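**Q** Predicted model and sequence below, questions to follow.
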Amino acid sequence: NSRGTASLLKDSISFTEVAASGLFEGHDLLRRGFTSVKNELLPSHPLELTEKNFQLNQDKTNFATLRNIQGIHAPLKLQMEFRAVKQVQRLPFLHSSNMAMDILRGNDESIGFEDILNDPSQSEIMGEPHMMMEHKLGLL
């Protein structure tokens, strides 16, 4: 039954997997490293999950402290400002420093790891502006 086989094949391979890596492309060892089931199931270090959620935990702590000091209006106003800043972005092919978000979080006066090693002018990947805009607008 060819129809049954086609539906099984369609269910087993998602479109995002094919689009992201190509149908006949192998595992990119240089970019993704060695594959391991253990690494996919468990974090490689006990502090990895804490570091991934650091900013979220920091925001929750700051909002709780702000609520205790100034009342419920202060964290709600700050969360509203965060949402407004996240919505305003540059075009997809231009790098954004997210300076407004840094100012709201108080990170504008500190120098961190990402400030030194995340220089967009040294990036090896630059997309085509027209293709990226069409993808963002849903024309492709």
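**A** Done, it's in. In this text, all values refer to a predicted model and were calculated from it rather than measured experimentally. Residues are numbered from 1 along each chain as shown.
**Q** Look up phi and psi at I111.
**A** Dihedral angles of I111 (phi, psi; degrees, to the nearest 10) stand at phi -110, psi 120.
**Q** what's near enough to touch it?
**A** Counting by CB atoms under 8 Å, 6 or more residues apart in numbering, I111 makes contact with nothing. From N, CA and C alone the C-beta is placed, and that goes for glycine too.
**Q** So for it, what's the pLDDT?
**A** On pLDDT, I111 comes in at 86.
**Q** Check the gap between it and M101 for me.
**A** 16 Å (CB to CB, to the nearest Å).
**Q** So what touches the longest helix seen in the chain?
**A** Longest helix in the chain, counting residues (DSSP state H): helix 54-70. Here helix 54-70 makes contact (CB under 8 Å, 6+ apart) with T50, A74, P75, L78, Q79, R105.
**Q** show me what contacts the last one?
**A** What that stands for is R105. Q55, D59.
**Q** any idea how far R105 is from Q79?
**A** Per CB to CB, Q79 is found 12 Å from R105.
**Q** what do you get for E51?
**A** Counting by CB to CB - E51 and R105 are separated by 17 Å.
**Q** just N62 next, same as before
**A** N62 sits 8 Å away from R105, going by CB to CB.
**Q** Over to G138?
**A** Taking CB to CB, one finds G138 at 31 Å from R105.
**Q** do E128 as well
**A** Computed as CB to CB, the E128 to R105 distance reads 33 Å.
**Q** wait, which of the contacts of helix 54-70 is closest to R90?
**A** Comparing those against R90 with CB to CB places R105 closest, at 18.9 Å.
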